[in-house]
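*Asks:* Predicted model and sequence follow; I will ask about them next.
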Amino acid sequence: MKDIKAMWTGRVLSVLENMAGTAGIDSKGFSKSLSVGKPPDSNMGDLSYPLFPFAKDFKKAPPALAGEIAGELGGEEAGVSVAGPYLNIRIDRAAAISRLLENIESFGDKWGSGDELTGRKVMVEFSSPNTNKPLHLGHLRNDILGESCARIIASRGADVQKVNLVNDRGVHICKSMLAYQKFGNGESPESLGVKSDRFVGDLYVKFSQWAKEDKSADGQAQTMLQAWEAGDEEVRKLWLTMNNWALDGINATYERTGVSFDRIYRESETYLMGKDEVLKGLDSGVLYKDKDGSVRIDMEDIGLDTKVLLRSDGTSVYITQDLGTAISRHEEWPFDQLIYVVGSEQEYHFRVLFYTLQKLGFPWADKLRHLSYGMVNLPEGRMKSREGTVVDADDLIDRLSSLALKEIKEKGRENDVDDAPATAEKIAVAALHYFLLQVSPTKDMIFNPEESLAFNGNTGPYLQYMVARVSGLIAKAPEAVRSAAVNPALLDRRDEWDLTRLISEFPELVSRAAEKLDPSILAAGLYEIAREFSRYYHDVPIAKAENPELAASRMALAGAVLTTLKSGFRLLNIPYIESM
RNA sequence: GCCCCGGUAGCUCAGCUGGAUAGAGCAACUGCCUCCUAAGCAGUAGGUCAGCCGUUCGAAUCGGCUCCGGGGUACCA
């Protein structure tokens, strides 16, 4: 599709330039002014060239220009038509359909992939949970964005490493530990039958309640942190136990949602990194020691204030560690890009981090990128852990899953699906992921619990439903249709052409999503294909077409739809189900 | 105060490298299951694209100002 577009643009441009030549008009800026669009309706053609920009040069009205160019290009017979000031091109459809079917055949599952990122090493950091509580809705957005971007980039050829920096140390971790010592009664997740990360999270909540009554609580947590840093055996032992509880639970949630990592970093192992680098920067004069004793960077160059990189007591702050980990990651695996999937509230942090690395003389500092995404809010406003409005990840998926199961039963489809509970779970994950990916990453979004539980309309389950229908269609195709020859020329309906176009453009869509790190582009594209197919499926007999040849040809198109949707599902981490 | 992001239908969101009547879904109303899965399809209704000014043949899209909302501006992460 892309090459056809380029070919036509070239032809239109050269006609314009020739016309300018004979009229003695300067055509230098022409290639810049010539833009390609799409007519509002595919009946009008497939490419459109507005001619307004050339009216002044030629001293002719755009429609007249369009007429002249159309004549030069061969007119209606060549697929060139004039609609007012627009020159519309209708491309050779039978040939395009034919080529699409061949392409789909040869790409198979890899339809949508490409190679413009081949040879690039890209590290994607996302999730970054704390080991004092279970994952919540905010993490789910982060996880699916990271996972999906990683898959999209990989499909365009990049060598991708997904990494997770687990925040497993600090005062907040000590708080749940302290609560366990005080109120845990020696219980365990097993003894209470509670998911292990929830068990730890409940203790964290317990601490907060206790701290409200007892002013010494925070001090005690601080003391425990010191003991932890000093390597106190007992504290370390408890820490290990509770961290494992938290991580086991968190991993179970990752497994549920299909999120995975190639490498896990733990802050307990990295939190001392970076200090040396800061001291080196101090020696070289890039950084300075403030009169209060802290080591700082001055960011006046970029219109920012100063930032502390080492406390006056010589200890590290969060950013010190980030400096260190970035440096060691680049040493271990010299990436061409490192993408941090982190909420927009940390934009300032990353500006400082990137600037500091650049000042410290690391030439790869410009390869760092913060994929900043908006917050997930509730209709009533921000989620607040203190008010208990934080939406727990497992709870949410549980609710979605049981609703989906109810739906399967109500529709009497229990016997048609493989395994009803498993199918329900896949529907739940699809609903969730699609809901979160639909919105542009940069934007804040509102999570309305009721609406998000819907399975109708523009939702993940709708997409799954279309896939299930095509799967069924193909699985049930009679032998006569299977063995009949495919003839692309028979696919001459307008809806067939519209589908062809959408499917043909899919690889370009993936490419754009990769470039912009925006899976919502893909989500929108998949919905469009599903909707177009749904209409087609409703209006046109496919397997039951009037003759086997036509049926086979339509089946081939349906197969192309299936391949495309399945491929898109993988990229968006939406589970595929054959029957629902 | 300063910096960043947003303001499009009642609600949730697309569209924003300027181009032909601004699109979906939900909610409302109306039709369609002897016909490949009705988690579907079709239709009706719903919009000063926050406001003003500017650039342009042409602005939801670009620029400026104003208003409203969110985030940030820690020796927290």
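*Replies:* Received it, and whenever you're ready, just let me know what you need.
*Asks:* mind giving me the domain ranges of chain A?
*Replies:* Here the domain parsing of chain A from automatic domain parsing is A:2-91, A:271-373.
*Asks:* Relative to A:Pro541, which of the ones you listed is closest?
*Replies:* A:Pro541 sits nearest to domain A:2-91 of all these, at 21.9 Å, using CB to CB. C-beta here means a position set from N, CA and C on the backbone, and glycine is covered the same way.
*Asks:* That closest one vs RNA strand B: in contact?
*Replies:* Yes: using CB under 7 Å from any atom of the strand, domain A:2-91 reaches RNA strand B at A:33, A:35, A:37-41, A:44-45, A:48, A:50, A:52-53, A:56, A:83-84, A:86, A:88.
*Asks:* For the closest residue in space to A:Asp168 that isn't next to it in sequence, give me the backbone phi and psi.
*Replies:* Nearest non-adjacent residue to A:Asp168, counting by CB to CB, 6 or more residues apart in numbering: A:Thr131, 4.5 Å away. Dihedral angles phi and psi of A:Thr131 (degrees, to the nearest 10) take the values phi -90, psi 30.
*Asks:* How many residues are close by A:Thr131?
*Replies:* 27 (other CB atoms under 10 Å).
*Asks:* Which part of the stretch 151-300 of chain A gets nearest to RNA strand B, residue-wise?
*Replies:* Residue nearest to RNA strand B within the stretch 151-300 of chain A (CB to the nearest atom of the strand): A:Asp292, separated by 2.9 Å.
*Asks:* do chain A as well
*Replies:* Nearest residue of chain A to RNA strand B, counting by CB to the nearest atom of the strand: A:Gly457, 2.1 Å away.
*Asks:* returning to that earlier point: ok, the residue of the stretch 151-300 of chain A closest to RNA strand B to A:Met242 distance?
*Replies:* When CB to CB, to the nearest Å is the yardstick, A:Asp292 and A:Met242 sit 36 Å from each other.
*Asks:* Those two: which is more packed in?
*Replies:* Legend: neighbour count by other CB under 10 Å for A:Asp292 and A:Met242, higher for A:Met242 (24 against 9).
*Asks:* give the contact list for A:Asn18.
*Replies:* A:Asn18 is in contact with A:Glu72, counting by CB atoms under 8 Å, 6 or more residues apart in numbering.
*Asks:* Determine the three-state secondary structure at A:Ala431.
*Replies:* Classification of A:Ala431 using DSSP: H, G, I helix; E, B strand; the rest coil returns helix.
*Asks:* That one contacts A:Gly460, correct?
*Replies:* Yes: in this structure A:Ala431 lies within contact range of A:Gly460 using CB atoms under 8 Å: 4.6 Å.
*Asks:* Could you report the pLDDT at the closest residue to A:Ala252 other than its chain neighbours?
*Replies:* Spatially, and ignoring its direct neighbours in sequence, A:Ala252 is nearest to A:Lys195 (7.1 Å; CB to CB, 6+ apart). We have a pLDDT of 97 for A:Lys195.
*Asks:* Burial check on A:Lys195, number of neighbours?
*Replies:* Number of residues near A:Lys195 (other CB under 10 Å) recorded here: 19.
*Asks:* Also the one 5 residues further on?
*Replies:* Neighbourhood size, A:Val200 [other CB under 10 Å]: 31.
*Asks:* Go ahead and list the helix or strand containing it.
*Replies:* helix A:196-213 (DSSP states H and E).
*Asks:* What is the subsequent helix or strand relative to that helix?
*Replies:* Sequence order places helix A:217-229 as the next helix or strand after helix A:196-213, per DSSP H and E.
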